[in-house]
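Asker: can't give you the sequence, but here's the structure:
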């Protein structure tokens, strides 16, 4: 596995350097949007704490045995925990003889002595997926941590964590990274050439993990473009076509989720106690991800996967709406996907100036509703019917779905 190090987060990196120099806190909470680099930063911290270089200022050196073990995922004193199984929860585990990959199993491992005789690090990925019972089980260890243990929680939303959990952690926030920094990072990794890196930096919206997942996937960028074009085609479509199209696009979003998941896993060594991310139900592997019109039927997927697909679709929808608004004002430098500039300019004709800002507000409200377990199909149907229509656009109510009728590129 290549050394993927954190870039573009100066304050967070400074906090981690201070922790490596010591003394390290017993618990750390990295907070930031998905794909902002929380897990990468946590692995940087783990490498620094488990590095064998005698000079603390040189850690992590990336060359010693400890650093190589962290990078390959087999350091005996690095314990990782991630969501697993139906619903994508970080499970609490059985009260007696808890299974690996659960909170109680992690607690049992940390009760043992260090294998290498130095520091120990426990990394809980997507800690916002810990239910209340699992958090309470972890809380006791946060209150009375074993000697030499640093527990690192990575969470997209800290409000999902109990106040008692948050209060016992040193908090480090991460945000979006500048596009130029992401471009350089992708180039340094050899993940993309300069033109592709520039496009993926924009598509990612400032989140390096997402840009890298796009770069590693054979199908993600294509699926993203297909969804964007489908949304643009819906502008002039009638209600029946819009409702049929949005279901097709939800299937394409599920396929995109699968492709991005595969991109995130590529190059990662399996870590002890971390199960491989399960393939999304109702979708194919990224290497054979479906086209939009033969995408999996959303109803066959699990509730969590359907919700995830809806969240992905809404995020792309918001990006498309913003790009149409920017193009309508004559801008191009700030487009999320400059490859579609002509389509955005064409779509902007006939739209009222207030239509897109109002719709962006509706998208944000729908995203919040999905967090409260609103039916994803219903939420998307409402949005499809509310998607602004250019004034004077001719509609053929019984026309075929634009996604189905569009020639493949």
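Answerer: Looks like it arrived, so ask away. Computed from a predicted structure; not experimentally measured.

Asker: contacts and neighbour counts: CA atoms only from here.
Answerer: Noted.

Asker: what ranges do the helices span in the stretch 151-300 of the chain?
Answerer: 163-166, 179-189, 194-203, 208-216, 220-234, 239-265 (DSSP state H, counting those that start in this stretch).

Asker: could I get the ones you listed as JSON lines with mean pLDDT?
Answerer: Putting the helices of the stretch 151-300 of the chain into JSON lines (pLDDT from 0 to 100) gives the following:
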{"stretch": "helix 163-166", "mean pLDDT": "95"}
{"stretch": "helix 179-189", "mean pLDDT": "89"}
{"stretch": "helix 194-203", "mean pLDDT": "90"}
{"stretch": "helix 208-216", "mean pLDDT": "91"}
{"stretch": "helix 220-234", "mean pLDDT": "95"}
{"stretch": "helix 239-265", "mean pLDDT": "93"}
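
Asker: Any chance of those in TSV with mean neighbour count as columns?
Answerer: Output for these, formatted as TSV (neighbours: other Cα atoms under 10 Å):
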stretch	mean neighbour count
helix 163-166	15
helix 179-189	19
helix 194-203	20
helix 208-216	25
helix 220-234	21
helix 239-265	25
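
Asker: Can you lay out those as JSON lines showing distance to residue 81?
Answerer: JSON lines is the format used below for these (distance: least, Cα to Cα, whole Å):
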{"stretch": "helix 163-166", "distance to residue 81": "17"}
{"stretch": "helix 179-189", "distance to residue 81": "26"}
{"stretch": "helix 194-203", "distance to residue 81": "29"}
{"stretch": "helix 208-216", "distance to residue 81": "19"}
{"stretch": "helix 220-234", "distance to residue 81": "27"}
{"stretch": "helix 239-265", "distance to residue 81": "15"}
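
Asker: so which of those comes closest to residue 306?
Answerer: With Cα to Cα as the measure, helix 239-265 is the member of those nearest residue 306 (7.3 Å).

Asker: Mind giving me the packing neighbours of the closest one?
Answerer: helix 208-216, helix 220-234, helix 303-328, helix 376-386, helix 402-405 (3 or more Cα pairs under 8 Å, 6 or more residues apart in numbering; DSSP states H and E).

Asker: do you know which of those helices lies nearest residue 250?
Answerer: So among the helices and strands packed on helix 239-265, helix 303-328 is nearest, using Cα to Cα, at 6.1 Å.

Asker: Quick one: list the elements packing against that closest one.
Answerer: Counting contacts by 3+ Cα pairs under 8 Å, 6+ apart, the secondary-structure elements packed against helix 303-328 are helix 220-234, helix 239-265, helix 341-348, helix 355-371, helix 376-386.

Asker: Out of these, the one nearest residue 89 is which?
Answerer: So among the helices and strands packed on helix 303-328, helix 355-371 is nearest, using Cα to Cα, at 14.7 Å.

Asker: before we move on, back to that, with distance to residue 98 added, can I get the helices and strands packed on helix 303-328 in CSV?
Answerer: Compiled in CSV, the helices and strands packed on helix 303-328 are given as follows (distance: least, Cα to Cα, whole Å):
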stretch, distance to residue 98
helix 220-234, 37
helix 239-265, 26
helix 341-348, 54
helix 355-371, 30
helix 376-386, 34
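
Asker: Where is the longest strand in the chain?
Answerer: strand 149-155 (DSSP state E).

Asker: Show me what that strand pairs with in its sheet, parallel or antiparallel.
Answerer: strand 27-31 (parallel), strand 120-124 (parallel) (DSSP bridges).

Asker: Would you mark the buried spots in stretch 349-368?
Answerer: 351, 355-356, 359-360, 362-363, 366-367 (16 or more other Cα atoms under 10 Å).

Asker: Looking at those residues, which one is closest to residue 389?
Answerer: Of the buried residues of stretch 349-368, the one sitting nearest to residue 389 (Cα to Cα) turns out to be residue 351, at 6.8 Å.

Asker: Help me confirm that that closest one is found in a helix?
Answerer: No. Looking at residue 351 with DSSP: H, G, I helix; E, B strand; the rest coil, it is coil, so not inside a helix.
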